[in-house]
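A.B. asks: predicted coordinates and the sequence they were generated for:
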Amino acid sequence: MMIRRLVAGALAVLTGGTVAVVLSQSTPATAERRGHAPIVIGHRGASAHRPEHTLLSYEAAIAMGADYIEPDLVSTKDHVLVARHENEISGTTDVSTRPEFADRRATKTIDGRQVTGWFTEDFTLAELKTLRAKERVPDLRPDNAAFDGLAEVPTFEEVVRLAQRHGVGVYPETKHPSYFDSIGLSLEEPLLEVLHANRVRKAFIQSFETANLRELSSKTRLPLIQLITQGGAPYDWVAAGDKRTYDDMVKPEGLREVAGYADGIGVDTRRVVPVGPDGRLQQPTTLISDAHRRRLEVHVWTVRNENSQLPLDHRLGNPASPVYNRATGDVMGWLGRLVELGIDGAFCDDPAMGRAVVSRGVRHPAP
């Protein structure tokens, strides 16, 4: 199913630390050249090294060898898609320090949860472009704060054009699609418009919800990925009173249903290798083989460098050290374990680590 979607999608489009970044010298490996090696997805760019969802971050990810760069997409007031992890932007921009926007602070209900802050849908693109990005988790990644104030909020089109210039793919996620539908700023149409206008051949489209993926499956042949978190249910199911959960989705019958509208699943690593109450890894589940039987690819998220973000088995150093939590652990060992289990791709905060593991030559059969 994946191969069919990729080929048909291409035809449809054609017819219709401190890291030195030198993009002109970068020749990132591609999934096509590596056969069936897992793909490396730059999670929000190279968010271990640059403030997330900035062109600085995406450029670093490309230089480090990412096959795909991942923009999370939200909408502006004038219906332009921009790359932000959330539509509430006080944690990722300097908006809270800008007196001219003080009156934009609001409290909203987003997917059933009250959120207070500043929201992209209350700003025009021109207004958003006056803001500057900052590191979201400076306590965990203090070096990234050195780049605060240097980057704008990029549009999806700017991210796509960057990827196209350097031969990598894009892996957009629609954030809160039901919410944006409810306020008249649907994400799916402008997403497809940008992809088709730029003749994008190499892309995955992902969502934690299901209804928008079903809608997209009838509008594009580009491959779709159903995101599955560790608990709860897709918001559109909750809103509709559907009693099913993500736990149901990963069962064989749930995967069979997903295969009817998507080409793969993007899952929390704990769905593949559970973590026990003591923080240590348990025996792997059968999810990868179950998904492969349904011809679904399995991409895992998120592989991070820091000890505090790794299973206990892969942490390094002295736990009593004041920098232990943010120190780099055995991230390559952890990712290597996932690759050996047969994953088809990994979202990596540090794509260089992902590239190093994949370049070891681990292969597995095509799903």
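C.D. replies: Sure thing, it's come through.
A.B. asks: and Thr109, how many neighbours does it have?
C.D. replies: Neighbour count for Thr109, taken as other CB atoms under 10 Å: 10. In short, each C-beta sits where N, CA and C put it, glycine included.
A.B. asks: dump the residue contacts of the closest residue to it other than its chain neighbours.
C.D. replies: Nearest residue to Thr109 in three dimensions, chain neighbours excluded: Val115, at 7.6 Å (CB to CB, 6 or more residues apart in numbering). Val115 is in contact with 88, 107-109, counting by CB atoms under 8 Å, 6 or more residues apart in numbering.
A.B. asks: most neighbours among those residues, which one?
C.D. replies: Ranking the contacts of Val115 using other CB under 10 Å puts Glu88 first, with 19 neighbours.
A.B. asks: contacting residues around the spatially closest residue to it that is not a sequence neighbour?
C.D. replies: Spatially, and ignoring its direct neighbours in sequence, Glu88 is nearest to Gly117 (4.2 Å; CB to CB, 6+ apart). Gly117 makes contact with 88-91, 96, 105-106 under the criterion CB under 8 Å, 6+ apart.
A.B. asks: farthest-separated two in those residues?
C.D. replies: Greatest spatial distance among those (CB to CB): Gly91 and Ala106, at 15.4 Å.
A.B. asks: looking at those two, which has the bigger crowd around it?
C.D. replies: Set side by side, Gly91 and Ala106 show more neighbours around Gly91, with 16 against 12, by other CB under 10 Å.
A.B. asks: what separation is there between the more buried one and Arg104?
C.D. replies: 15 Å (CB to CB, to the nearest Å).
A.B. asks: look up phi and psi at the closest residue to Gly169 other than its chain neighbours.
C.D. replies: Excluding the flanking residues, the one nearest Gly169 by CB to CB, 6+ apart is Lys202, at 3.5 Å. Dihedral pair for Lys202: phi -120, psi 100, per degrees, to the nearest 10.
A.B. asks: what's the closest of the contacts of Gly117 to His196?
C.D. replies: Of all the contacts of Gly117, His196 sits closest to Ile89, with 27.6 Å by CB to CB.
A.B. asks: so what pLDDT did that closest one get?
C.D. replies: At Ile89, the predicted lDDT confidence score is 98.
A.B. asks: got a list of what it touches?
C.D. replies: 95, 117-120, 131, 153.
A.B. asks: and those residues, which two are furthest apart?
C.D. replies: Most distant of these, by CB to CB, are Gly117 and Val153, 14.7 Å apart.
A.B. asks: all helices of the stretch 201-350 of the chain, in order?
C.D. replies: Using DSSP state H, counting those that start in this stretch, the helices found in the stretch 201-350 of the chain span residues 211-217, 235-240, 246-249, 252-258, 269-272, 287-293, 331-340.
A.B. asks: I'd like the ones you listed as JSON lines, with mean neighbour count and distance to Leu192 appended.
C.D. replies: Listed next are the helices of the stretch 201-350 of the chain as JSON lines, based on neighbours: other CB atoms under 10 Å; distance: least, CB to CB, whole Å:
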{"stretch": "helix 211-217", "mean neighbour count": "19", "distance to Leu192": "8"}
{"stretch": "helix 235-240", "mean neighbour count": "17", "distance to Leu192": "19"}
{"stretch": "helix 246-249", "mean neighbour count": "18", "distance to Leu192": "25"}
{"stretch": "helix 252-258", "mean neighbour count": "16", "distance to Leu192": "21"}
{"stretch": "helix 269-272", "mean neighbour count": "21", "distance to Leu192": "29"}
{"stretch": "helix 287-293", "mean neighbour count": "19", "distance to Leu192": "26"}
{"stretch": "helix 331-340", "mean neighbour count": "20", "distance to Leu192": "31"}
